[in-house]
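Asker: Using only what follows, build the 3D model:
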Amino acid sequence: MNAEDYILHPDYDNERLYNDIAIVRLQRVAPYTNYIRPICLPPLDIDNPELTNLKLAVAGWGRNGRYKSNIKQSTVVNLVPQKSCRNSYPNLNRNQVCAAGYSGEDTCKGDSGGPLMMNYNDKYYLSGVVSGKRADAPCGTSVPSLYTNVYRYLPWIRSVIRN
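Answerer: Numbers count the residues shown, from 1 in each chain. As a prediction, this is how the structure comes out:
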């Protein structure tokens with residue numbers, strides 16, 4: 001599928017990865033198959049202390065260790081509370097969330113833009129978008145990865161998809 005257009009968030013900040021979110025418009029409607037399905041927008045803000053250690057799925061074609069993968073990879077990571085995440089990201093804002101795996105599970109270079117998904121009642125919700133990780137912390141280390149909190153952008157997303 002080819003993209004017709006993409007819309008970056010108008011306040012995107014590449015240095016701090018603030019507002020690291022975009023909408024991609026496809027040239028035509030994607031077919032539904034066993035491998036292509038829609039994902040729901042999130043019904044709740046996962047940035048909630050009660051949801052600490054919430055299990056979330058991530059997927060992408062990023063690196064698997066040192067090697068780039070041409071096969072989509074997936075794993076499960078756990079939500080890290082804002083307070084703990086600030087130890088790794090002092091400039092973290094409320095529009096960002098962190099997640100980390102327990103045994104080296106992580107997103108890696110090439111996964112940016114991919115989904116951070118919550119499974120609830122057999123539906124998947126796009127709770128976050130893979131944003132990045134500190135340059136001094138290789139994939140799979142104890143430093144959590146950074147994600148854009150999709151819930152915080154629902155008004156912007158809805159305004160873009162209506163046009």
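
Asker: okay, CA-based contacts and neighbour counts for the rest of this
Answerer: Noted.

Asker: just the helices in the chain please.
Answerer: Read by DSSP state H, the chain holds these helices, from start to end of the chain: 82-85, 154-162.

Asker: In CSV: those helices, plus distance to L126.
Answerer: Shown next, in CSV, are the helices of the chain (distance: least, Cα to Cα, whole Å):
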stretch, distance to L126
helix 82-85, 19
helix 154-162, 11
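
Asker: So which helix or strand of this protein has the lowest pLDDT on average?
Answerer: Lowest on mean pLDDT, DSSP states H and E among the helices and strands of the chain sits strand 63-64, with a mean of 65.

Asker: and the residue nearest the centre of the chain, how far is that from N2?
Answerer: Centroid check for the chain by Cα atoms, centre = their mean gives V129 as the closest residue, at 2.1 Å. In this view, V129 and N2 are 20 Å apart by Cα to Cα, to the nearest Å.

Asker: Show the end-to-end separation of stretch 85-92, please.
Answerer: 8 Å.

Asker: what's in contact with it?
Answerer: R16, Q82, C98, V143, P144 (Cα atoms under 8 Å, 6 or more residues apart in numbering).

Asker: Tell me who's in contact with the closest residue to the third one other than its chain neighbours.
Answerer: In this case it means C98. For C98, ignoring the flanking residues on the chain, the nearest one in space by Cα to Cα, 6 or more residues apart in numbering is L146 at 4.8 Å. With contact set as Cα under 8 Å, 6+ apart, L146 has these partners: Q96, V97, C98, A99, V130, S131, G132, K133.

Asker: In strands, which of the residues you listed fall?
Answerer: Q96, V97, C98, A99, V130, S131, G132 (DSSP state E).

Asker: From those, pick the one nearest I36.
Answerer: Lowest distance from I36 to the ones in strands among the contacts of L146 (Cα to Cα) belongs to V130, with 19.3 Å.
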